[in-house]
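Colleague: Show me how the following folds:
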Amino acid sequence: MTKRRCGWVPENDQLYIDYHDYEWGKPVYDDGKLFEMLILEGAQAGLSWITILRRREGYRKAFDNFDPTIIQHYDEEKIQSLVKNEGIIRNERKIRSVVANAKSFLKIQEEFGSFQEYIWRFVGARPMMNSWNSIDEVPAVTKESQAMSKDLKKRGFNFVGPTICYAFMQATGMVMDHTVDCFRYHEK
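Modeller: Have a look, this model is predicted:
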């Protein structure tokens, strides 16, 4: 018997299936993983998630395994080399945003002790549990993602609009948006 999954998961794409089954919606408290997902969600702007998922390893290699302490020091030469890197989305604005976001991320860590302490406060420090019958019911934006977006932008982040923030919240398990017919919903 095959497992029922959320309607957005293609049945014939193992990368997508594995992402859904083992990662999407599981609460993430590790700062490094949170930074990676915030960067990848921003890279997705205007593109499909599978486009980014297929380039994830390229991003890890290109951006020093998403280490903000290294990324914050990227100079113009490094940025221009990234613009030519075929393993990532070669959008210069998005690449520059990673550098700016690394700097802002480190400031938040300094202020709050960790990024997870800061970011999880937008959902009251625990996952929000939803019970959607179909993917058509799942919102693209919520008041929590709007508040997160506004605060991140105020702190110097880029590519963190409310839709990107909600996708980030879903990916990192801040909200549980597996539909009720999905096997992962029942793991909550």
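Colleague: Report pLDDT for residue 1.
Modeller: Predicted confidence (pLDDT) for residue 1: 61.
Colleague: quick one: the residue nearest to the spatial centre of the chain from residue 170, how far?
Modeller: Nearest to the mean C-alpha position of the chain, by Cα atoms, centre = their mean, lies residue 37 at 3.1 Å. Distance check for residue 37 against residue 170: by Cβ to Cβ, to the nearest Å, it reads 10 Å. Placement of C-beta: from N, CA and C, glycine included.
Colleague: what's the single longest helix in this protein?
Modeller: Taking DSSP state H as the criterion, the chain has its longest helix at helix 92-112.
Colleague: What helices and strands are in contact with that helix?
Modeller: With contacts taken as 3 or more Cβ pairs under 8 Å, 6 or more residues apart in numbering; DSSP states H and E, helix 92-112 sits against helix 31-44, helix 68-71, helix 76-83, helix 115-119.
Colleague: does residue 176 have beta-bridge partners, and which?
Modeller: Beta-bridge pairing for residue 176 (DSSP bridges): residue 129.
Colleague: Count the neighbours of it for me.
Modeller: 20 (other Cβ atoms under 10 Å).
Colleague: repeat for residue 16
Modeller: For residue 16, using other Cβ under 10 Å, the count is 19.
Colleague: Which helix or strand contains it?
Modeller: Per DSSP states H and E: residue 16 is located in helix 14-22.
Colleague: how about that helix: buried residues?
Modeller: The neighbour-count criterion (16 or more other Cβ atoms under 10 Å) identifies 16, 19, 20, 21 as the buried residues of helix 14-22.
Colleague: Now for residue 93: which residues touch it?
Modeller: Residue 93 sits next to residue 158 when contact means Cβ atoms under 8 Å, 6 or more residues apart in numbering.
Colleague: Distance-wise, check the closest residue to residue 153 other than its chain neighbours relative to residue 9.
Modeller: Leaving aside its sequence neighbours, residue 153 sits nearest to residue 160 (Cβ to Cβ, 6 or more residues apart in numbering; 6.2 Å). For residue 160, the distance to residue 9 equals 25 Å [Cβ to Cβ].
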